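1. Build me a structure from this.
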Amino acid sequence: MRVIKPLIAALGLSLSFTVMADTQVSVDTTKPGPVINKNIYGQFAEHLGRGIYEGIWVGPKSKTPNTKGWRNDVVGALKDLQVPLVRWPGGCFADEYHWREGIGPRDKRPARVNTNWGGVIEDNAVGTHEFFDLVEMLGAEAYVNGNLGTGTPQEMAEWLEYMTSDSKSTLAELRRKNGRDKPFRVHYFAIGNEAWGCGGNMTPEFYTHLYKQYASFLKTPKDNTPVLIASGGHTDDTSWADHLTANVKPNWALRMDAVSFHYYTLPTGDWTVKGAALKFPEAEWMSTMVNTLKMDGFIINNKKVMDKNDPEKKVGFYVDEWGTWYDVTGDDDPGFLYQQNSLRDAIVAGLNFNIFHKHADRVHMSIIAQMVNVLQAMILTEKDKMILTPTYHVFKMYVPFQDATSLPIELKNVPQYTLGNASIPAVSATAARAKDGKVYIALVNANPNKAETVDINLAGITVNGVSGQILTAAAMDAHNTFAAPETIKPAAYSAKAKNGKLALEIPAKAVVVVAVE
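-> Have a look, this model is predicted:
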């Protein structure tokens, strides 16, 4: 339009039109906000399909290069993500998991049926010691999910003692006998999972009573005390966060440090026919974006009830399961929840990160489901082969935001991406000052058809330009395969300021993360 207007005037013609202003993104670097907790980039490893077995665990006797049974290639790729936290053993699996079955010699551990995920045999090869081997290799924190559904307060309390005690108790000595002298560091411990569903089909009132009972017996050394997490709600249900924060009043013998929340993005919003992972129409691109952006409203509404009951914000709001969920395709057992991962998933990840950053005052953790071969995975494996997904690449691009200080950001003149009766803002953005002192900006263009120009204004600093990475592709469902593992990957991105102004061209369906120079 800037070129067309003078050209029309030179030809002596007249034309009436409306000049569309560029998207304006203003960042105030002088007013630091809440810290973006690194655990917003948490990962999930449930005993589900090929998420652990084959995906990352092959056993110490495998010909696949491994360390203590964990695949070297997958562990190396996860270390490059600077994975801050891993949640284990579930999920729905957690409420049927009995920890004593996963310790001691592997050849003597009992085999059980995984009733939640495919009805396959769980041989308990990966148990407490193996899990902590993994998190220690990754340099990550441990999030252990306790069994409320089929367990007892005694079983849960004894598991914590087994993991954390440095005494000469029988349980601590049993841990030593099994090869671990020093206690494991348990950073987070959840009392049950999805108590409203697979964790027991409970009401908030009933679960709250159980939470207080179980939490009363979870005693650990002062230097190894985990954050205690209550099982919260999902989608638009705020009753769990409301009832828990109103009725669990911490004292010397009772703690509740966080309430969990789960939400999955389904293209159709229908659990019976969720939508395809690949070869989907633009209508399902749009519906996926509409549904994933609902996360913002869900968090806002839960924060309102928590602010009413907990105005000092002592209780965190942990979105410890989120991601896309599509119809299963291929030869895998439907219960294994294996799905391909495309550029659409990368856009979903960027949009959710920007939402979580916005609510960093209360959202101190989020955990995508899941890490390998399950749902919106970072990594897909096939025997000895491994590929990195578009979601993996976005996680890596956003690494500078871990423990960064959020900065106030304002967006104006944001164009709408419209299809049929649906419409969303085309551009999403977030900004923070990272631990390296640099200001980072992330931009997502959710419009699959049209590039956007974004004018960047930063108060408090002089901008010469930006440099970073961009993830985009020609096809909405661009994805990596074992035959073509680098079909979609980040590319370098940079822009220079002109006359003190900085304008960024963001291609259609793209994620951009840049550092300000």
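2. what distance separates the start and the end of stretch 408-415?
-> Length of stretch 408-415, first residue to last, CA to CA, to the nearest Å: 21 Å.
3. List of residues touching that stretch?
-> Identification of contacts with stretch 408-415 by CB atoms under 8 Å, 6 or more residues apart in numbering yields 20-28, 31, 33, 425-427, 429-431, 447, 450, 452. Just so you know, the C-beta spots here come from the backbone N, C-alpha and C atoms, and that holds for glycine as well.
4. Just the buried ones among those residues, please.
-> 22-23, 25-28, 33, 425-427, 429-431, 447, 452 (16 or more other CB atoms under 10 Å).
5. Can you list the buried residues in the helix or strand in which His129 is found?
-> Assignment of secondary structure by DSSP states H and E places His129 within helix 128-138. For helix 128-138, burial by neighbour count (16+ other CB under 10 Å) applies to Thr128, His129, Glu130, Phe131, Phe132, Asp133, Leu134, Val135, Met137, Leu138.
6. Quick one: residues in contact with the next helix or strand after that helix.
-> Next helix or strand after helix 128-138 toward the C-terminus (DSSP H and E): strand 141-146. Contacts to strand 141-146, defined as CB under 8 Å, 6+ apart, come from residues 39, 42, 84-91, 94, 131-132, 135, 156, 159, 163, 184-193, 214, 226, 320, 367.
7. Output the contacting helices and strands for the helix holding His129.
-> strand 70-71, helix 72-80, strand 85-88, strand 141-146, helix 153-164 (3 or more CB pairs under 8 Å, 6 or more residues apart in numbering; DSSP states H and E).
8. Please identify the pairing partners of the third one and their relative orientation?
-> Each strand that strand 85-88 pairs with, and the sense of that pairing, follows from DSSP bridges: strand 43-44 (parallel), strand 141-146 (parallel).
9. any idea how far it is from the chain center?
-> Mean-position distance between strand 85-88 and its chain equals 11 Å (CA atoms, centre = their mean, to the nearest Å).
10. got a list of contacts for it?
-> With CB under 8 Å, 6+ apart as the criterion, strand 85-88 contacts 38-39, 42-46, 131, 134-135, 138, 140-145, 187-188, 320, 365, 367, 371.
11. Gly468: neighbour count?
-> Number of residues near Gly468 (other CB atoms under 10 Å) recorded here: 20.
12. Please disregard the earlier target; I meant Ala349.
-> Neighbour count of Ala349, defined by other CB under 10 Å: 30.
13. cool, and Thr245?
-> So Thr245, with other CB under 10 Å, has 24 neighbours.
14. Could you check how far it is from Asp307?
-> From Thr245 over to Asp307 the distance is 9 Å, taken as CB to CB, to the nearest Å.
15. what sits against Ala473?
-> Residues in contact with Ala473, defined by CB under 8 Å, 6+ apart, are Leu343, Thr487, Ile488, Lys509.
16. What of Asn309?
-> The contact partners of Asn309, taken as CB under 8 Å, 6+ apart, are Asp242, Thr245, Ala246.
17. thinking again about what came up before, to Ala404, which of the strands paired with strand 85-88 lies closest?
-> strand 141-146 (17.7 Å; CB to CB).
18. among the helices and strands packed on helix 128-138, which is nearest Asn464?
-> Nearest to Asn464 among the helices and strands packed on helix 128-138 is helix 72-80 (29.0 Å), distances taken as CB to CB.
19. Packing partners of the closest one?
-> Using 3+ CB pairs under 8 Å, 6+ apart, helix 72-80 is in contact with helix 128-138, strand 379-382, strand 385-388.
20. Need the ones you listed in TSV (columns: distance to Val414).
-> Shown next, in TSV, are the helices and strands packed on helix 72-80 (distance: least, CB to CB, whole Å):
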stretch	distance to Val414
helix 128-138	38
strand 379-382	34
strand 385-388	31
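21. would CSV of those with distance to Pro65 and mean pLDDT be doable?
-> Converted to CSV, those look like this (distance: least, CB to CB, whole Å; pLDDT from 0 to 100):
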stretch, distance to Pro65, mean pLDDT
helix 128-138, 13, 98
strand 379-382, 13, 97
strand 385-388, 11, 98
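22. Below-threshold pLDDT in the protein: ranges please.
-> For the chain, the stretches flagged by pLDDT under 70 are 1-21.
23. 90 instead?
-> For the chain, residues meeting the criterion pLDDT under 90 lie at 1-21, 250-253, 329-334, 460, 499-501.
24. now the strands: where do they sit in the stretch 251-400 of the chain?
-> With strands called from DSSP state E, counting those that start in this stretch, the stretch 251-400 of the chain shows them at 258-265, 316-324, 365-368, 379-382, 385-388.
25. other SSEs contacting the second one?
-> Translated: strand 316-324. Helices and strands touching strand 316-324, by 3+ CB pairs under 8 Å, 6+ apart, are strand 227-230, strand 258-265, helix 294-309, helix 343-358, strand 365-368.
26. Try it again at 7 Å.
-> strand 258-265, helix 294-309, helix 343-358, strand 365-368 (3 or more CB pairs under 7 Å, 6 or more residues apart in numbering; DSSP states H and E).
27. now those as JSON lines including distance to Gly179?
-> JSON lines is the format used below for the helices and strands packed on strand 316-324 (distance: least, CB to CB, whole Å):
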{"stretch": "strand 258-265", "distance to Gly179": "31"}
{"stretch": "helix 294-309", "distance to Gly179": "42"}
{"stretch": "helix 343-358", "distance to Gly179": "37"}
{"stretch": "strand 365-368", "distance to Gly179": "28"}
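28. So for Gly465, which of these sits nearest?
-> If we rank the helices and strands packed on strand 316-324 by CB to CB, the stretch that ends up nearest is helix 343-358, at 21.7 Å.
29. Select from the contacts of Ala473 the one having the most neighbours.
-> Most neighbours among the contacts of Ala473, by other CB under 10 Å: Leu343, with 27 neighbours.
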